[in-house]
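> below is the sequence, then the predicted model.
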Amino acid sequence: MNALEISLDNRTANVKLLEREGNRFLITVDDNEYDAHIIMVEQGVYLLLMDGKSYNIELIEAGGPKKYYVNTYRYSYDAEIIDAETRYQKSRHSDHGDDDSVISSPMPGKVVRILVKEGDQVKAGDTVIVVAAMKMESEYKVKKDRIIKEIKVREEDTVDAHQPLVVIE
Amino acid sequence: MNALEISLDNRTANVKLLEREGNRFLITVDDNEYDAHIIMVEQGVYLLLMDGKSYNIELIEAGGPKKYYVNTYRYSYDAEIIDAETRYQKSRHSDHGDDDSVISSPMPGKVVRILVKEGDQVKAGDTVIVVAAMKMESEYKVKKDRIIKEIKVREEDTVDAHQPLVVIE
Amino acid sequence: MIEKVLVANRGEIAVRVMRSCREMGIVSVAVYSEVDEASMHVRYADEAYYIGPAPSAESYLNMEKILEVAKQCEADAIHPGYGFLSENATFSQKCRDAGVIFIGPGPEAIRSMGDKITARKNMIAAGVPVVPGTTEPISDDSKAMEVIREVGLPVMIKASAGGGGKGMRLVKEEAEVAGAIRMARSEAATSFGDDSVYIEKFIDSPHHIEFQILADNHGNVIHLFERECSVQRRYQKIVEETPSPLITPDVREAMGEAAVAAAKAVNYSGAGTIEFIVDDDQNYYFLEMNTRLQVEHPITERVVGVDLVKEMIRIAQGDQLWLKQDDLNQDGHAIECRIYAEDPDNNFMPSPGRIAHITEPKGLGVRCDGYIYKGYEIPIYYDPLISKLVCWSRTREGAIARMKRALYEYKITGVKTNIRFLERIMDCPAFKEGKYNTQFIEKNQQCLMGPQENDPQNEDRAIMVIFADYLRKLDKFETKVVAREGTADWKVTGRKKNLFN
Amino acid sequence: MIEKVLVANRGEIAVRVMRSCREMGIVSVAVYSEVDEASMHVRYADEAYYIGPAPSAESYLNMEKILEVAKQCEADAIHPGYGFLSENATFSQKCRDAGVIFIGPGPEAIRSMGDKITARKNMIAAGVPVVPGTTEPISDDSKAMEVIREVGLPVMIKASAGGGGKGMRLVKEEAEVAGAIRMARSEAATSFGDDSVYIEKFIDSPHHIEFQILADNHGNVIHLFERECSVQRRYQKIVEETPSPLITPDVREAMGEAAVAAAKAVNYSGAGTIEFIVDDDQNYYFLEMNTRLQVEHPITERVVGVDLVKEMIRIAQGDQLWLKQDDLNQDGHAIECRIYAEDPDNNFMPSPGRIAHITEPKGLGVRCDGYIYKGYEIPIYYDPLISKLVCWSRTREGAIARMKRALYEYKITGVKTNIRFLERIMDCPAFKEGKYNTQFIEKNQQCLMGPQENDPQNEDRAIMVIFADYLRKLDKFETKVVAREGTADWKVTGRKKNLFN
C-alpha cells in the first residue's frame, strides 16, 4: 500500500510513501519528494505543515471511500484513489457496460456480505456481494437486470484473487 | 427493547416506547406520557419538539455507548441506560470484585471477537471476549489477573444466554 | 406590549429576527415546512409549529395556516421577514382582521407602494423626484408615443404591478414601441393578473442607492442614511455598502429628506426602504419602495448603531420612535457580501446539498448572519442564500481589507458557494476605487471570472492529503476488521522511528 | 515596513493578532509546542514552526528558540500577545539586539513599570496620583511604622517585583507589621528573586478601572478611554465593560490625562494600560501599568472603533499615530465575558478536555474571539481561557440584554465552562444597576451561586432524548451487523403508521 496512483482532475500522479512516523510523512508525488506533517484536525479537515508553511485542505468523500472532492484555498479538485481494485473495476466498466457471467474479486480477500440468494432476480446496479480486500470493503454490482444462478462462497469465507464468487445469467 | 430504565443523576426512570414513526415518538417516562419529535440535527445534538416547544439537548458518550453526559440549557446530568445487560454487569460488579470462573453472556448473542488463547495470562481489566447481544457489542473482562483455561466457543458463533464461553482460573 | 412573536419565515432572517426577540425578552415562535424540521430557525425558536409541505405555496405562503398557528399559540404579532408574505397587503389585512399585529406597514401603505403607477403619482405629489415618464397607465400607442417623444428614447415599458424584472421591455427605437408595449402587457397579465403598463425614461448604467427609513404610528419618520447596492447580477444584489462612495453630503441630505417625504406620503409605518436610481451626476429618481426589512439591513445597523428589528417591534406595539434624526450619524464604513450556495463556474446555478464542513469568519468588525450548520441539508425549495457577511471598519479601505480577511476565513464544503467570486469583487480595481454602477459585473468580467491558473505545487499538496487520508482509513479499517492478520508494510515503515529525529 | 510577523503566543490572542496581520497584508508566523500542532493558531497562520515540548518554559517562554525561528523565517517583527514573554524586558532587549522588532515597548519602559517602587516614583514625579505609602523600599521595621502611622491602617505590604497577588500581605493592626513584612519579603525573594517590599494604604472594596493608551515613537500619546474591570475572582478579571458605570465625564477626562502623563513619564511606546484603583468617591490612584495588549482590549476596540493590534504594528514600524485624541469618542456600550474551561460548581477547577460540540453566538453586536473547535483537545499546560465574548449596544441595558442572548446561544459540550455562571452575573441586580466594585463576587454569592432547582420536566426531556439516541444506535447497529436476522419489536411498532395521522 505504500505506492499507488491518485487522479486529480485530469492529472494522474504516482504517489509513494517512503517513511512515516505518526503525522509526519515522507512522500513522493511523481518526481517531487516532500517531508510534511499531515494532521486531521476535524473530520475531513486537514492541516498540512511543510517547509514551515501551513495549509488547510478539506476532503469530502464523493461516492465511496476512494473518491474525493478536495477543497484547497483557491482551487477545488475531483480526486480518486487508483489502486489495484479500482483499476480492475475500471477495466470491467470499460467493456461495453456488460456483466461478466462470473463475479470475482481481483485480489485475495474475505467475503463480508452476500446480498442475494440463488434464483434471485436483481436489478441493474444492485450490489450482489461485498468483499473485504486491500483492507477496504468493495461492493460488486450487476450492470443489467440479472438472475443469480449460483453462489459459490459463504459469508466470512476467505477467497483468492479471481476466484468465482457468484455466477449470474 | 421498547422498555428499559434510564438513570439520571440520582433518579432512575422507567422509559417505554409506545409508538414510533420516524422522528416522532410516543414515550412514557415513569407515569408521564409524551408525544415528541426527537431529531438528531448534528452528531450528538438533538432537537426535541413537543407541545410546540423547541428544546436543544446535547449528549456526550461518557465511557461506552450506554453512559452519557447530558447538557440541557440550564442543567447537566450524568445518565446511564440500564438494560438487561447493564443490570447483569452491575450485579457481577457488586460481588466483591471477584470473577466468576466461567464467563458468559446474560442474553443470547453472537461472539464477535475472542481476544485470548487458551493458556494466556491476562491482567485485571483485560477484555476476554466480545459478544453482540441486545444489538450492542458488550465486552467481558476479568477483574483480577487470571489464566485462560478453556475457550468454549469460536468467533461468529451464536450463543445462548448464560452459555459458558470462556473458563478462567 | 408584544410578548410573543411568530416569525413567518425561515433561514437566516428568521434566526436574525428571533435573536432580537430574545434580547427583548419576547418569546419567539417558528413555523416550518416538512423539510425544515431540523432547520436552524426551528432549533433557535422557543416554540415551533409545522405548517405544511415543502413548497412555499403550501407552507410559508399559507396565510390561513400561519394565522391559525398564531391564534393557537397566542402570538401577539407576526414578523414576516423578507420575501414570502412580507409585502403581501392581503396578509397584512388578514392579520389586522384576526387581531394579530403585523410587524410591518398596514395593507393601505403596501398597496399604494405595490402598484408602481400609484406610487409614482404619490411621489410626484410629495415632491419626490421620479424618473420622467407617464403618470397614468398607457391607454393607447399614440399616447405612448407622445410621452416617449417628450422624455426621449431609450425608454422602459414597465408593468404597474411588476417587480423583479418581469413585464419590463427596453425600447431603443420608435419602431419597437408598439411591439414592446404589447409584449410587456401580455407578460404583466400572465405574471400579475394586471396588464397595466407605464413608461419611464431609461437611465443607462445607473447607480442603485436606497435609503432606510423608520416610521412610527405617530407621524414620526426618520431615515438611517443610504446603502449603495449597485453590485448586482441579474437584478440580484450581491454586495452592498454604506456610505455610498458616490454621493456627496449635500446629495445625501437631500435624498434622505426625499425618502422621509416618500414614507410620509403613504402614511408609512415600520421599517422600509426607498430605492433610488442615481446617474453619474448624482441626479436621483425614486424607483420603488420596499415595504419590509431588506436583506442588506445589517450594514445600516452597524454604521448607524441601531437594531432595526427591535425598532420594528417597538413601532408595531405603538411606541414612539425613541431615536431622532439628529441622534443619528454614519460611523465608519460597512460592506455586506451575500454568500450563496451556487456555482460561479457554472453560470451561478444553485448548489443545494449537505454541508460537509463549515468554518465561519469571526473577530473584530465581522458579523456573519447565517443559518446553516455542519450536516445541514440546504433544501432545493427555497432561496440559496446561506448567509450575509458584514464587515466594518473606520475607513472604506479598512472594511474591504477586513472583508477579504473574512472571506479568506470562510470555508464551506459540501456545496459550492460564491465565496471566491466575492473575493475577486473585493480585488477588482473598479470596486476598490468605489467607481462602479449597476453595470459593474458585466463590465468587469475579465477581473471577476479570470481563468484559474494551474498550480502543480497545490495539486501535490492535495494529493498528499488524500494519500494520508487513505492511509488513515486503511489504518482504521485494519484495526477494526482485519486486525491481527499481520501487519502491513507501511506500518512497519512507520515504526522505523530512528529515521526521523 | 513590517511584512512578516512572528506571533510568540498561542490560543485566542495568537489568532486575533494574525487576523489583523492578514488584513494588513502581513505574513503571519505561528510557533507551537508539541501539544499545539493542531491548535487554531497553527491552522490560521501562513507559516508555522515547532519550538519545543508542551511546558511553556521549554516552548512559549524559550526566548532563544523563538528568536532563532524569527531569524530563520526572516520575520521582521515579533508580537508577544499577552502573558508569556509579553512583559519580559530581557526578551524585548534580545529582540532589539537580534535586529527583530519587538511589537511592544522597549526594555527600559518595561523595566521601569515592572518594578513597582520605581513605577511609583516615576508616577509621583509625573504628577499621577498614587496610593499613599512609601516611595522607597522598606529598610527597617521602624521606618515602616513611621509610614504606616502617616497613612493610617490598614495597609498592604507589597513586593516591588510583584504581581498577581504574590508577595502581598494585608496589615490591619500595628502588632502584625513586623511579621507581615518578614513574610512578604520571604515570599517575594522566592517568587521573584528580589526581596524589596513597600507599603501602600489599603483601599477597601475599590473599583478597578484601567485606561488604554497608545504611544508612538515620536512622542505622541493618546488614551482610548477606560475599562471597568471590577468583576474579579481571586484577582482574575471575569467581566469587563466600557464605559465604566461609576465615573463621571470630569473624572474620566482627568484620569485619561493622568494615563497619558504616566505613559509619557516612561517614554512609553506601543499599546499599554494604566490600571487605577478607584474608591466610591471616584478618588483614583495609579496601581500599575501593563506594558502589553490586555485580554479585554476588544471592548475598547468596539466602543472607540479602533483596531489596537493594527495600531501596535504601525507604531512598531515607526509610523506616527494617525488618530488624534480629539478624533476619539466612546460610542455606545461594550461588555466582555471571559469564557473559561472550568467548573463553577467545583470551586472553578480548570476543566481541560476534548470539545465534543461547540455552537458560538453570532449576530448583531456580538464578537466572539476564541480558538477552540469541535474535536479540539484543550491542553492542560496553558491558560483555561476558551474565548472572549464581547457584546455591544447603544445602551448599557441593551449590551447586557445582548450578552444574555449571546450566552444563551453559546453551547460547549465536552468540557465544563463558566457560561451559566456568567449568565447569573448578567442577571445579578448589583451588576444590572452598575453598582459594584471588586468585592462583587464575594458580596453576591447567593445570587451567583444559588442552588440549581430540580426540574422533573427537564429531566424527562433529557431521558427521552437519551432513549431516542439509544434506539438510533440499536437501529444503526442492527442495520450494520446483525441485519437480516429478524426485525425487532420496536421497529414493528414504528411501522404502525396509521396511529399517527
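Cool, got the structure.

> did I read that right, residue C:43 in a helix?
Yes: if the criterion is DSSP: H, G, I helix; E, B strand; the rest coil, then residue C:43 is within a helix.

> which residue is the nearest non-sequential neighbour of it?
The spatial neighbour of residue C:43 that comes closest, neighbours along the chain excluded (CB to CB, 6 or more residues apart in numbering or on different chains), is residue B:47 at 5.3 Å. Placement of C-beta: from N, CA and C, glycine included.

> OK, contacts around that neighbour?
Residue B:47 is in contact with B:37, B:38, B:39, B:41, B:54, B:55, B:56, B:57, C:37, C:38, C:42, C:43, counting by CB atoms under 8 Å, 6 or more residues apart in numbering or on different chains.

> helix, strand, or coil at it?
Secondary structure assignment for residue B:47 (three-state DSSP): strand.

> now do residue C:245
Put simply, residue C:245 is coil when judged by three-state DSSP.

> and residue 114, what are its phi and psi?
No chain specified, so I'll use chain A. Reported as degrees, to the nearest 10, the phi and psi values for residue A:114 are phi -120, psi 120.

> my question was about chain C, not that one.
Taking degrees, to the nearest 10 as the convention, residue C:114 sits at phi -70, psi -40.

> correct me if wrong: it contacts residue C:160.
No: assessed by CB atoms under 8 Å, residue C:114 is found out of contact with residue C:160, at 9.4 Å.

> just the endpoints, please. Distance across stretch C:110-130?
End-to-end distance for stretch C:110-130: 19 Å, by CA to CA, to the nearest Å.

> and that stretch, how far out from the chain middle?
Between the centre of stretch C:110-130 and the centre of its chain there are 23 Å (CA atoms, centre = their mean, to the nearest Å).

> what comes up buried for it?
For stretch C:110-130, a neighbour-count test (16 or more other CB atoms under 10 Å in any protein chain shown) marks C:110-117, C:119-123, C:126, C:128, C:130 as buried.

> please list the residues of chain C that sit near chain B.
Applying CB under 8 Å from any CB of the partner chain, one finds that chain C approaches chain B through C:29-30, C:37-38, C:42-49, C:73, C:373-376.

> next one, pLDDT for residue A:104 please.
pLDDT recorded at residue A:104 is 84.

> quick one, phi/psi of the closest residue to it other than its chain neighbours?
Closest residue to residue A:104 apart from its sequence neighbours, by CB to CB, 6+ apart: residue A:162 at 5.0 Å. Dihedral angles of residue A:162 (phi, psi; degrees, to the nearest 10) stand at phi 70, psi 10.

> just to check, residue C:303 is in contact with residue C:331?
Yes: Residue C:303 lies in contact with residue C:331 (CB under 8 Å); the separation is 5.8 Å.

> thinking again about what came up before, right, and the pair among the contacts of residue B:47 with maximum separation?
Comparing every pair within the contacts of residue B:47 by CB to CB identifies B:57 and C:37 as the most remote, at 15.6 Å.

> so these two - more neighbours on which side?
Legend: neighbour count by other CB atoms under 10 Å in any protein chain shown for residue B:57 and residue C:37, higher for residue B:57 (22 against 18).

> which of the residues in the one helix or strand that one maps to are buried?
In this structure, residue B:57 sits in strand B:53-61 according to DSSP states H and E. For strand B:53-61, burial by neighbour count (16+ other CB under 10 Å) applies to B:54, B:55, B:56, B:57, B:58, B:59, B:60.

> as TSV, those residues with distance to chain C and pLDDT would be great.
As requested, the buried residues of strand B:53-61 are arranged in TSV below (distance: CB to the nearest CB, whole Å; pLDDT from 0 to 100):
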residue	distance to chain C	pLDDT
B:54	4	94
B:55	9	95
B:56	6	95
B:57	11	95
B:58	12	95
B:59	15	94
B:60	17	90
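
> let's have those residues in TSV, adding distance to residue C:418.
Below are these laid out as TSV (distance: CB to CB, whole Å):
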residue	distance to residue C:418
B:54	31
B:55	35
B:56	30
B:57	35
B:58	32
B:59	36
B:60	36
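
> now do the domain split for chain A, please.
Following automatic domain parsing, one finds the domains of chain A at A:2-92, A:102-168.
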